[in-house]
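Visitor: generate a structure from the sequence data that follows.
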Amino acid sequence: MKIRNGFVSNSSSSSFLIIIDACINDINDFMKMCEHNTSHMDGWMDKLTCDYFENDISIKSLTNREALEILWFDLQCSPRIADKELWINKNSKYCKPEQVGGYCFERYCEEYNTPQEIAEWMTDNDKDYEKMKNKLEKMAEYWNRLLSQTKFRSFFEIGEEKGKIYEILYSDNDGEIKTQMEHGDFWIAIHHLKINNH
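Guide: Residues are numbered from 1 along each chain as shown. Below you'll find the model as predicted:
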C-alpha cells in the first residue's frame, strides 16, 4: 500500500468498527486469529503495513504484526463498545456508502452522469432544471442513507452473534504511527468496517 508522504493539507481521520470474537481473551488469542486469517499470504504478518515508510530511517515503520499489537493495546486502554442504534439510525445519515463498502448512487453519477447533467438533458428551462436536479439529489441522499443503514445493520448482526463490536478512531493528525494505523494494510486480518470521517 502506498500513500502520500510529507505535508498533506487535507488531513484525514477514520472510525473503525471491529468485531472481537467471544473466544478472544487476550493478545495471544487475538494474534493467533490474525495469523489464521492471513495464513494464505506467506510472511504477511512481518511485512510493512505502509510500505512508503520503508526507506525513511527517521520514521518507525510498523509491520502488520506490530500494528495489530498496537490495535489490541489501544482497544484495551480505552475500550469503547459501538452503539448499534447510533450507527444505524444517526451516523448512517452522514456516511456515504463507499465509506462502508456499499454501492453508491452518487459515485455512479460522478463516474457517468452527474445529477446536474441528467437534469440538463431532461429539461428545457431553468425552472424545470432546478426541480429535476433537486429531485435527483434527494434520491441520491436517500439511497446513500438506505445503503449505509443496511450495511451497518448487517455488520452489527454478525458482530453480535460472534462477540462484541468495538469502535476506535485513528487520524493522521496524530503523527506517523497513527497515520499507519489509519491507512495500514493490517486491517485485512480483522473483521471490521472502516468509515472515512473526512
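Visitor: low-confidence regions, the protein specifically.
Guide: 1-10, 52-58, 94-123, 198 (pLDDT under 70).
Visitor: what ranges do the helices span in it?
Guide: For the chain, helices defined by DSSP state H occupy the ranges 27-37, 64-77, 84-85, 105-111, 115-122, 126-162, 176-183.
Visitor: as CSV, those with mean neighbour count and distance to residue 190 would be great.
Guide: (Each C-beta comes from the backbone N, C-alpha and C, glycine too.) Compiled in CSV, the helices of the chain are given as follows (neighbours: other C-beta atoms under 10 Å; distance: least, C-beta to C-beta, whole Å):
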stretch, mean neighbour count, distance to residue 190
helix 27-37, 15, 7
helix 64-77, 18, 8
helix 84-85, 13, 19
helix 105-111, 15, 25
helix 115-122, 15, 36
helix 126-162, 16, 12
helix 176-183, 21, 12
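Visitor: any idea which of those gets closest to residue 44?
Guide: With distances scored as C-beta to C-beta, the stretch of these nearest to residue 44 is helix 64-77 (6.1 Å).
Visitor: what's in contact with the closest one?
Guide: Counting contacts by C-beta atoms under 8 Å, 6 or more residues apart in numbering, the residues outside helix 64-77 that touch it are 18, 20, 27, 30-31, 34, 38, 44-49, 62, 166, 168, 177, 180-181, 184-186, 189-190.
Visitor: are any of the residues you listed buried, and which?
Guide: Taking 16 or more other C-beta atoms under 10 Å as the criterion, what is buried in the contacts of helix 64-77 is 18, 20, 30-31, 34, 38, 44-45, 47-49, 62, 166, 168, 177, 180-181, 184-186, 189-190.
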